[in-house]
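Q: Okay, structure incoming, though there's no sequence with it:
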Ligand SMILES: [Mg+2]
Ligand SMILES: [Zn+2]
């Protein structure tokens with residue numbers, strides 16, 4: 001049987017959004033994210049990060065820098081008894097000086113590419129899954145993959161809530177932060 005996932009945006013959702021971090025010391029994980037992730041782990045949902053990292057295409061960090069950041073995040077979570085089941089990142093930027101990253105890809109949120117890849121790799125039922133994020137692109141992404149989008153008010157969330165109203169778009173739920181979003185999801189009946 002396929003597993004369900006709680007997909008997570010990274011910057012502004014799990015950790016502070018500081019622009020284009022290129023080393024682990026620049027990643028400040030919100031204190032409530034540790035318990036939130038442990039709750040996901042205990043629930044049986046997979047916890048999978050989906051993150052746009054156009055900073056790679058823009059030349060602000062390398063794929064190796066990103067790998068180092070993600071290894072450190074996994075280690076920080078592991079130290080607190082929590083586990084990330086997968087991390088998927090889009091490195092592309094349409095105007096990248098590097099041809100390797102210069103493309104209009106199918107994996108930059110809100111395009112569904114990374115979720116489709118994760119679903120294939122990990123055996124995920126997207127329709128039974130959720131996406132938690134702080135930007136309009138995150139809500140659109142959740143809708144595009146047929147999952148239920150949850151907006152958090154951390155990061156750009158407050159601004160995003162206003163934009164969504166103007167666009168007449170509605171997430172399945174809006175929560176103060178990641179921990180509250182996870183609590184809401186775990187209280188929902190299976191769709
Ligand atoms: Mg974000
Ligand atoms: Zn991409």
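A: Received it, and whenever you're ready, just let me know what you need. Source: prediction; values computed, not measured. Numbering: from 1, shown residues only. Ligands and ions are numbered 1, 2, ... in the order given.
Q: Mind jotting down where the helices sit in this protein?
A: Per DSSP state H, the chain carries helices over the ranges 31-43, 63-79, 113-122, 136-144, 157-167, 178-186.
Q: winner for burial among these?
A: Highest mean neighbour count of the helices of the chain: helix 136-144, a mean of 23 (counted as mean count of other C-beta atoms under 10 Å). Just so you know, the C-beta spots here come from the backbone N, C-alpha and C atoms, and that holds for glycine as well.
Q: contact partners of that one?
A: For helix 136-144, contacts defined as C-beta atoms under 8 Å, 6 or more residues apart in numbering pick out 7, 9, 13, 50, 52, 109-112, 115, 130-133, 148-151, 160, 163-164, 167, 169, 171-172.
Q: Determine which of the helices of the chain approaches residue 2 most closely.
A: Ranking those by proximity to residue 2 (C-beta to C-beta) places helix 113-122 first, at 8.3 Å.
Q: Give me the subset of the contacts of helix 136-144 that also touch ligand 1.
A: Among those, the ones lying near ligand 1 by C-beta under 5 Å from the ion are residue 9.
Q: Ignoring the adjacent residues along the chain, who's closest to residue 107?
A: Of all residues not flanking residue 107 in the chain, residue 113 sits nearest, at 3.3 Å (C-beta to C-beta, 6 or more residues apart in numbering).
Q: ok, now how distant is the one you found from residue 72?
A: 25 Å (C-beta to C-beta, to the nearest Å).
Q: Equivalent analysis for residue 104, please.
A: According to C-beta to C-beta, residue 104 and residue 72 sit 31 Å apart.
Q: Name the nearest residue to the spatially most central residue of the chain, sequence neighbours excluded.
A: Residue closest to the average C-alpha location in the chain (C-alpha atoms, centre = their mean): residue 9, at 1.7 Å. The shortest distance from residue 9 to any non-neighbouring residue, by C-beta to C-beta, 6+ apart, is to residue 133 (3.3 Å).
Q: Tell me who's in contact with the one you found.
A: By C-beta under 8 Å, 6+ apart, the contact set of residue 133 is 8-9, 12-13, 109, 139, 141-142, 149-152.
Q: One more: residue 187?
A: By C-beta under 8 Å, 6+ apart, residue 187 has no neighbours at all.
Q: Tell me how far it lies from ligand 2.
A: Using C-beta to the ion, to the nearest Å, residue 187 is found at 34 Å from ligand 2.
Q: again, but for residue 31
A: Separation of residue 31 from ligand 2 (C-beta to the ion) stands at 31 Å.
Q: Could you report the pLDDT at that residue?
A: We have a pLDDT of 97 for residue 31.
Q: want to throw the helices of the chain into TSV with distance to residue 99?
A: As requested, the helices of the chain are exported to TSV (distance: least, C-beta to C-beta, whole Å):
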stretch	distance to residue 99
helix 31-43	36
helix 63-79	15
helix 113-122	19
helix 136-144	25
helix 157-167	33
helix 178-186	36
